[in-house]
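[1] got a predicted structure here, sequence first:
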Amino acid sequence: MKRRFLYCAVLALAAGSLPPVGRTQPAVTQDARHWLERMLNSTQTLSYEGTFIYVQGPHVEAMRIIHGGGTGGERQRLISLSGPPREILVANNNVVCLSPKRQATFAGGDYRRSPFPWSIPRELGQVENHYELQVLGEDRVAGLEAQVIAIKPRDAWRFGYRLWLDRRNGLALRSALLDEQGQPVEQLMFTDLQIKPRIDDAAFATPPEAKTGAAPEAGSDASGAQAAVGEPVTQSAWRVEQLPEGFVQMSHNRFTEPSGRHPTEHLVFADGLATISVFLERLEGDPPLLQGSSQLGSMNAFGTVVDGHQVLVVGEAPAATVQRIAAAIQHTPEGGKP
């Protein structure tokens, strides 16, 4: 269980520097807010097809995206163009992942994010409490004129962001996640993009193998093995103290395998942009998966052992933030004090 969680969280390291934009005199925050509002609107309403490149250090991947917006809700299909063939279909908050053998894995609930853009909340005031918004200038991406927006952290607890938005409609054409030194640790960029009046429903159809016996039953993974089932936690021996400023707890769930062994608690903390996951699991004689710090691309991780439990913190945030959250996790044995 814990290895599966960490595998889903880790990414490879990105390097290099960002080129200068055409005009670098920052504009007022209100202008940047206007562009971000346009981006949020275009993400929900526009339909488009395109190819983008995803870069994290030595890892470079090309993907095709088909995105449908409008009154029917957002739908999206991602198709890998490099490495093992894979597809991800997102519709109505349901996710279907197709493996190289065309096996289907189903997941419900909120899909963390589509490649463009990040999950910026509608209430931008929440973001501005901890980030400064700036218009940097103009550039070109995929042959299109782009407005460059900076989202700069107001303290050292979070990473920064840079967005290249289509000047015609605000759609994100390129994005970069920046570390404490302003260097990119993750980048995505369209190489071609076509806005469509609409996308045919067939582009988002669930594959036949996901509708027949090849699809797993509820609570099973793609191989047919029973998967862990999560439920909200109402009572826990774990509590959280002194989080980094701006981070709040978003969810707390417990995942239990059908055998009842290795229950794992999963907590999510966020500041409006950055998201940190905490995994708590009794070791039961197993060696800890991680002790100390580890950097895996844009992800920083920190692991420690508390009262025989692995505490694993993973997120797209500076190492100090991840360590601070790990230190905030306190365990209270039954009937005792921490």
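    Ah, there it is.

[2] going forward, measure contacts between C-alpha atoms and count neighbours the same way
    Noted.

[3] please enumerate the helices of the stretch 1-150 of the chain.
    2-9, 29-45, 124-128 (DSSP state H, counting those that start in this stretch).

[4] mean neighbour count, those helices: which tops it?
    Most buried of the helices of the stretch 1-150 of the chain, by mean neighbour count (mean count of other CA atoms under 10 Å): helix 29-45, with a mean of 18.

[5] and it, what does it pack onto?
    strand 131-141 (3 or more CA pairs under 8 Å, 6 or more residues apart in numbering; DSSP states H and E).

[6] about what we covered before: to Gln291, which of the helices of the stretch 1-150 of the chain lies closest?
    Nearest to Gln291, of all these, is helix 2-9, at 13.3 Å by CA to CA.

[7] OK, contacts around the closest residue to Thr43 other than its chain neighbours?
    Nearest non-adjacent residue to Thr43, counting by CA to CA, 6 or more residues apart in numbering: Leu171, 6.5 Å away. Leu171 sits next to 38-39, 42-43, 165 when contact means CA atoms under 8 Å, 6 or more residues apart in numbering.

[8] cool, His67 as well?
    46-49, 74-77, 199.

[9] how does this structure divide into domains?
    9-210, 229-331 (automatic domain parsing).

[10] the longest one - what's its average pLDDT?
    Spelled out, it's domain 9-210. For domain 9-210, the mean pLDDT works out to 81.

[11] tell me what Gly303 is bridged to.
    Assessed by DSSP bridges, Gly303 has beta-bridge partners Gly292, Leu312.

[12] and Ser82, how many residues sit next to it?
    Counted by other CA atoms under 10 Å, the residues lying close to Ser82 total 11.

[13] correct me if wrong: it contacts Tyr54.
    No. At 10.8 Å, Ser82 and Tyr54 do not qualify as touching, with contact defined as CA atoms under 8 Å.

[14] now tabulate the contacts of Leu171 in TSV and tack on distance to Leu98.
    As requested, those are exported to TSV (distance: CA to CA, whole Å):
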residue	distance to Leu98
Arg38	32
Met39	29
Ser42	27
Thr43	24
Leu165	30
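
[15] from Ala274, how far off is the residue nearest to Thr43?
    Using CA to CA, to the nearest Å, Leu171 is found at 21 Å from Ala274.

[16] for Ala301, same thing?
    Taken as CA to CA, the span from Ala301 to Ala274 is 14 Å.

[17] try Pro263
    26 Å.

[18] on that earlier part again, what's the farthest-apart pair in the contacts of His67?
    Leu46 and Arg77 (14.3 Å).

[19] about what we covered before: of the contacts of Leu171, just say which sits nearest to Leu283.
    Thr43 (42.5 Å).

[20] Ile79 - how many residues pack around it?
    17.

[21] I meant to write Asp179 there.
    Neighbour tally, Asp179, other CA under 10 Å: 19.

[22] ok, it touching Ala156?
    No. Using CA under 8 Å, Asp179 makes no contact with Ala156, being 9.8 Å away.

[23] okay, and the common contacts of the two?
    With CA under 8 Å, 6+ apart as the test, Asp179 and Ala156 both reach Pro318.

[24] ok, Val268 to Arg324 distance?
    14 Å.

[25] between Leu46 and Arg77, which is the more surrounded one?
    Arg77 (22 against 19).

[26] which positions are bridged to the residue nearest to the more buried one when sequence neighbours are not counted in the beta structure?
    Among residues not flanking Arg77 along the chain, Leu89 sits closest, at 4.5 Å (CA to CA, 6+ apart). For Leu89, the beta-bridge partners are Arg77, Val96 (DSSP bridges).

[27] residues touching Leu89, list them.
    Contacts of Leu89 by CA under 8 Å, 6+ apart are 75-78, 95-97, 204, 206.

[28] as a markdown table, the residues you listed with distance to Lys152 would be great.
    Output for these, formatted as a markdown table (distance: CA to CA, whole Å):
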| residue | distance to Lys152 |
| --- | --- |
| Arg75 | 30 |
| Gln76 | 29 |
| Arg77 | 31 |
| Leu78 | 29 |
| Val95 | 32 |
| Val96 | 34 |
| Cys97 | 34 |
| Phe204 | 36 |
| Thr206 | 39 |
